[in-house]
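Participant: Sharing a model that was predicted from the sequence below.
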Amino acid sequence: MKFQISLQQSIFCILLCLPFLSNAEGKYFEGQILYKNSFVPSSSKYNANQLLKRFGNEATLYFKEGNYLEMYDSGLMREQRYDKTENRIYYSKDDSDTLHWFSASRQAQRILRSEIHPKKEVILGIECDELVNYYVDKTISLYYNSDTLQLNPEWFVNFNFANKNTNTEKMKSLYLKYKIEATDYTTIVTAVSIRPRPVDDNLFAVPESKILVQD
């Protein structure tokens, strides 16, 4: 059970946490990003295939003006969506009619310290700055480029969960890569394609047919 909770929290962080326009134009990314997952076990508890089965191989993110929908190809979760107006995260773990939700104002784990390393890595030909957050039990590194995946940090000012508000206030961007270094394994989530395009607002609406259950 402890392993499943850790994976669920990690998926949310993968989350946590978009047209393809420059900062000079003062506009924000809207469109679709495909992320691929990989895992590096550091103990005999887990292997890469087991973790891939739990997490899935890839996730597709649709983003517009702070709202998002993330679809998973397999694993513990099927989808996750964020409603900016309600400040709620909705998620489903199977194909049932049940949709779980909780407030994104939920208290995050405390960051012990943070570091920013400019121009640390190139992803999809894009030079990225690295934000490293140190926690008691893990280290999380996120890679950003605000010239290409710019967002408005005011969209997430009340999004405490996974420290998304803090991260976006510092970096003002969606991430291209996310790395969690935990005790037994490292999770790496990397953007492999970016498709700037209009996104229909209806994509983020919670289906009326779903049964809502608050966590």
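Facilitator: The structure has been received and is ready for your questions.
Participant: Check residue 19 and give its pLDDT.
Facilitator: Predicted confidence (pLDDT) for residue 19: 32.
Participant: same question, residue 76
Facilitator: pLDDT for residue 76: 82.
Participant: That one and residue 85, how far apart?
Facilitator: Look at residue 76 and residue 85: by C-beta to C-beta, to the nearest Å, they are 27 Å apart. Placement of C-beta: from N, CA and C, glycine included.
Participant: And those two? Which one has more around it.
Facilitator: Neighbours were tallied for residue 76 and for residue 85 using other C-beta atoms under 10 Å; the higher tally belongs to residue 76 (17 against 8).
Participant: and the more buried one, which of the three is it?
Facilitator: Here residue 76 is recorded as coil under DSSP: H, G, I helix; E, B strand; the rest coil.
Participant: Is the residue of the chain lying at maximal distance from its centre in a helix, a strand, or coil?
Facilitator: Among residues of the chain, the one most distant from the C-alpha centroid is residue 44; the distance is 27.2 Å, by C-alpha atoms, centre = their mean. The assignment at residue 44 comes out as coil when based on three-state DSSP.
Participant: pLDDT value on it, please?
Facilitator: Value listed for residue 44 in the pLDDT field: 88.
Participant: Check the one 5 residues further on too.
Facilitator: The per-residue pLDDT reported for residue 49 equals 87.
Participant: what does residue 95 give?
Facilitator: Confidence score, pLDDT, at residue 95: 74.
Participant: Which residue comes closest to residue 39 once chain neighbours are left out?
Facilitator: With sequence-adjacent residues excluded and distances taken as C-beta to C-beta, 6 or more residues apart in numbering, residue 39 is closest to residue 51, at 4.0 Å.
Participant: other SSEs contacting the helix or strand where the one you found lies?
Facilitator: Assigned by DSSP states H and E, residue 51 belongs to helix 48-55. On a contact count with 3 or more C-beta pairs under 8 Å, 6 or more residues apart in numbering; DSSP states H and E, helix 48-55 meets helix 2-16, strand 31-41, strand 185-196.
Participant: How is residue 155 assigned, secondary-structure-wise?
Facilitator: helix.
Participant: List the contacts of it.
Facilitator: Taking C-beta atoms under 8 Å, 6 or more residues apart in numbering as the definition of contact, the neighbours of residue 155 are 65-66, 84, 168.
Participant: What about those residues, which one has the most neighbours?
Facilitator: Highest count within those by other C-beta under 10 Å belongs to residue 168, 23 neighbours.
Participant: Mind giving me the packing neighbours of the host helix or strand of that residue?
Facilitator: Secondary structure assigned from DSSP H and E places residue 168 in helix 164-171. Based on contacts counted as 3+ C-beta pairs under 8 Å, 6+ apart, the elements that helix 164-171 packs against are strand 126-134, strand 139-144.
Participant: out of those, deepest packed?
Facilitator: Relative to the other members of those, strand 139-144 carries the highest mean neighbour count by mean count of other C-beta atoms under 10 Å, namely a mean of 22.
Participant: Partner strands of that strand and their direction?
Facilitator: Neighbouring strands of strand 139-144 in its sheet, by DSSP bridges, are strand 126-134 (antiparallel), strand 175-181 (antiparallel).
Participant: Return the helix or strand in the protein with minimum mean pLDDT.
Facilitator: Counting by mean pLDDT, DSSP states H and E, the chain has its least confident helix or strand at helix 2-16, which shows a mean of 45.
Participant: Show me where the chain dips below the pLDDT cut-off.
Facilitator: For the chain, applying pLDDT under 70 flags the ranges 1-26.
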